[in-house]
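K.L.:
Provided below are the primary sequence and the corresponding predicted coordinates.
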Amino acid sequence: MASLDAAAQDVKLAPIVITGADRRPAMSLNGEWHVIPDPYQAGLYFNKHELARGWFVNQKAKPGDTGPVDYDFAKSPTLKVPGDWNTQKTELFWYEGLMWYEKDFSYEVKAHTRVFLHVGAANYKSIFWVNGTKVCEHEGGFTAFNCEVTSALKPGSNFVIATVDNTRHEDGVPTTQTDWFNYGGLTREVSLIAVPDEFIDQYDLHLSKTNPDTIEGWVHVVGGSAGDAVTVNVAADGPEPKYAGENAKIGDDGKAAVGFEAPGLELWSPERPKLYKIVLEAGTDSVSDEIGFRTIEVKGNEILLNGKPVFLRGVSIHAEAPYRTGRAYSTKDAETLLGWAKELGCNFVRLAHYPHDETMLRAADRMGLMVWSENPVYWAVQFEKPEVYTKASQQLNEEIGSYRNHAAIVLWSMANETPISDARTKFISSLAAHARELDPSRLITAALLVRTEANGERSTKVVDDPLGKYLDVIGTNEYIGWYEQHPESADTTDWKIAYDKPLIMSEFGADAKAGLHGAKTERWTEEYQADVFRHQLGMLNRIPQLRGMSPWVLMDFRSPRRPLPGIQDGFNRKGLISDQGEKKEAFSVLQKAYAEKTVGKAE
């Protein structure tokens with residue numbers, strides 16, 4: 001563990017994380033950007049050396065040049081940002097490689113102000129330049145980051161150029177093999193955020209576990225001096241604060257510890273997702289956010305929300321856009337997907353297999369859906385390499401740093417379906433320990449593989465992965481009736497859990513093409529999928545410590561692993577709803593079970 005932690009400290013990590021970045025005044029850079037595909041990376045390298053005057057200088061051809069200028073952003077086609085390139089242009093659908101992006105903008109720089117280029121996500125490796133000056137590099141396709149551009153800006157006309165490379169790498173997080181489409185590009189919003197010289201970059205406000213009438217946490221101030229005051233106010237519906245935090249003082253580490261009484265605070269829950277307006281002030285900087293307050297904890301094999309046992313009626317969701325497909329990013333995307341989850345009867349969603357856009361979390365906060373948020377440590381990453389741990393740790397820092405104040409998030413997931421080895425257990429348990437240091441107020445989980453023991457006519461699914469020791473909640477994936485055995489095999493399957501902890505069945509399901517009907521024994525039909533769910537629900541009710549479920553998956557999503565013509569056509573068809581919004585028979589089966597509460601129990 002020491003070597004992994006040392007690697008994370010020795011390597012320069014991502015640019016600054018800004019909590020609540022979407023709540024700060026910003027100048028949007030969304031819209032049309034000029035693009036140039038560059039599969040040979042000719043605009044960046046020659047003979048493996050980075051060019052001193054690559055395409056990032058945005059050179060314009062002029063009479064008397066001693067050589068050609070063989071690119072021109074102004075004459076190049078455009079793509080919409082946010083958005084992936086794969087679904088915007090047919091010729092780019094299968095493109096994996098480097099893409100240049102360029103956008104012109106006007107800006108007036110103000111004194112005593114720092115400016116950051118905020119990038120919601122860029123898949124997978126990216127470099128940004130402003131007016132030809134490199135401002136940052138970033139690795140990771142699903143987390144937000146912020147590059148300081150203060151010194152690179154000039155009054156009036158400016159340009160920003162980015163390279164985004166979605167090439168898959170063996171030492172990447174995730175690695176080369178996944179079961180989703182590798183959408184490339186500036187897939188989430190891009191903007192410019194201006195802050196004072198002294199500004200709040202991160203903050204953490206949550207309800208005390210030991211005193212439900214107390215709000216506690218901290219505020220970190222960049223450029224602040226020890227002893228400077230920080231104020232936190234919780235506003236009522238009217239103009240006056242309902243709860244006011246006394247002036248906290250910044251310590252030597254730049255953090256001000258916050259703690260104040262808030263008697264009568266209405267707690268956030270799926271039934272009443274109450275959000276409060278929060279105003280934080282430090283020097284001349286002010287941040288306004290909307291935060292709900294609740295507690296989440298484990299007692300034995302129960303999950304307690306606000307001190308009361310709860311069963312997580314959920315579904316897994318990919319960040320796939322409904323109807324248009326491609327990477328989801330908009331509020332409309334989020335409200336459509338989460339609206340379907342609410343219609344299904346969910347109080348919980350598993351946002352797999354990577355951090356989703358903040359629009360999803362804002363919508364979950366408003367709509368009252370508890371969230372499992374996942375780090376993209378997926379399948380067999382190179383667990384033995386400290387530099388890969390550094391990448392996973394960086395993405396966890398960005399995920400928790402950005403999203404830590406969303407009441408909806410109750411679970412940080414460290415990984416999905418990782419093969420057992422000593423190196424892997426050390427890797428993920430180190431991430432779990434790091435997550436607890438970053439945020440001790442939430443629960444830690446991971447989706448584990450299970451093994452099978454035959455016992456005559458019955459079989460037993462055994463959950464004894466050594467990683468379970470380091471988790472608060474055990475997640476398990478199984479596909480009885482699809483990848484193994486038959487749907488009715490679930491009727492003769494028992495479960496043996498090696499840990500006295502809550503269990504979430506984080507995945508189960510079967511593929512079905514919407515509109516394809518037939519016998520319940522015929523694969524790919526809606527009837528077969530529905531039959532799998534009926535047998536699964538009966539089996540799940542026999543697991544005493546089951547405290548939640550998130551079957552796979554809410555909506556069909558693209559995956560190159562799924563080529564079967566006429567059925568899959570490049571989509572994973574395990575969705576309860578098609579990518580075009582068609583509800584399959586299994587949707588009604590699960591909806592009925594959730595509505596009648598015939599599956600699962602809270603205690």
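P.N.:
That came through, no problem.
K.L.:
Nearest residue to residue 247 in space, please, no chain neighbours.
P.N.:
residue 229 (4.2 Å; Cβ to Cβ, 6 or more residues apart in numbering). The way it works is simple: take the backbone N, C-alpha and C, and place the C-beta from them, glycine included.
K.L.:
Tell me what the one you found is bridged to.
P.N.:
With DSSP bridges applied, residue 229 shows beta-bridge pairing to residue 249.
K.L.:
Touching, residue 406 and residue 369? I think so.
P.N.:
No. Using Cβ atoms under 8 Å, residue 406 is not in contact with residue 369, being 10.7 Å away.
K.L.:
quick one: which of the two has more around it?
P.N.:
Shown here are residue 406 and residue 369; by other Cβ atoms under 10 Å, residue 369 has more neighbours (24 against 21).
K.L.:
That one touches residue 342, doesn't it?
P.N.:
Yes. With contacts counted by Cβ under 8 Å, residue 369 reaches residue 342, the gap being 7.1 Å.
K.L.:
what do those two both touch?
P.N.:
Counting by Cβ atoms under 8 Å, 6 or more residues apart in numbering, residue 369 and residue 342 have no contacts in common.
K.L.:
What is the neighbour count of the residue nearest to residue 172 when sequence neighbours are not counted?
P.N.:
Distances taken as Cβ to Cβ, 6+ apart put residue 124 closest to residue 172, at 6.5 Å, once the chain neighbours are dropped. Around residue 124 there are 22 other residues, counting by other Cβ under 10 Å.
K.L.:
what do you get for residue 164?
P.N.:
Around residue 164 there are 27 residues (other Cβ under 10 Å).
K.L.:
Please name the residues that touch it.
P.N.:
Residues near residue 164 by Cβ under 8 Å, 6+ apart: 98-99, 101, 122-126, 184-186.
K.L.:
Residue ranges in the stretch 451-600 of the chain under the pLDDT threshold?
P.N.:
Across the stretch 451-600 of the chain, nothing is flagged by pLDDT under 70.
K.L.:
For it, which segments are assigned as strands?
P.N.:
Under the criterion DSSP state E, counting those that start in this stretch, the stretch 451-600 of the chain contains strands at 451-455, 458-463, 473-477, 493-497, 503-507, 546-549, 557-558, 571-572.
K.L.:
in stretch 451-463, what counts as buried?
P.N.:
For stretch 451-463, the neighbour count (16 or more other Cβ atoms under 10 Å) marks 459, 461, 463 as buried.
K.L.:
try stretch 343-361
P.N.:
344-361.
K.L.:
Let me know the distance separating the residue nearest to residue 172 from residue 184.
P.N.:
In this view, residue 124 and residue 184 are 8 Å apart by Cβ to Cβ, to the nearest Å.
K.L.:
Ok, residue 226 next?
P.N.:
Taken as Cβ to Cβ, the span from residue 226 to residue 184 is 45 Å.
K.L.:
And these two? Which one has more around it.
P.N.:
residue 184 (25 against 11).
K.L.:
Contact partners for the residue nearest the centre of the chain?
P.N.:
Central residue check for the chain by Cα atoms, centre = their mean: the C-alpha nearest the mean position is that of residue 355, 0.9 Å away. By Cβ under 8 Å, 6+ apart, the contact set of residue 355 is 142-143, 373-376, 395, 398-399, 402-403.
K.L.:
Show which residue of the protein lies farthest from the average position.
P.N.:
residue 64 (50.8 Å).
K.L.:
And stretch 77-85, how far out from the chain middle?
P.N.:
Remark: stretch 77-85 is offset 21 Å from the chain centroid, using Cα atoms, centre = their mean, to the nearest Å.
K.L.:
Flag every buried residue along that stretch.
P.N.:
Neighbour count says stretch 77-85 has 79, 81-85 buried, by 16+ other Cβ under 10 Å.
K.L.:
Which two among these are spaced furthest apart?
P.N.:
Checked with Cβ to Cβ, these reach their widest spread between 82 and 85, with 11.4 Å between them.
K.L.:
can I get the buried residues of stretch 451-463 in CSV with distance to residue 495?
P.N.:
Putting the buried residues of stretch 451-463 into CSV (distance: Cβ to Cβ, whole Å) gives the following:
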residue, distance to residue 495
459, 10
461, 5
463, 7
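K.L.:
picking up where we left off before, quick one: pLDDT of the residue nearest to the centre of the chain?
P.N.:
Looking at residue 355, its pLDDT stands at 98.
K.L.:
The residue nearest to residue 247: neighbour count?
P.N.:
Applying the criterion other Cβ under 10 Å, we find 14 residues in the vicinity of residue 229.
K.L.:
so what's it up against?
P.N.:
Residue 229 touches 247-250, 282, counting by Cβ under 8 Å, 6+ apart.
K.L.:
May I ask which of those residues has the most neighbours?
P.N.:
The most crowded member of the contacts of residue 229, judged by other Cβ under 10 Å, is residue 282 (26 neighbours).
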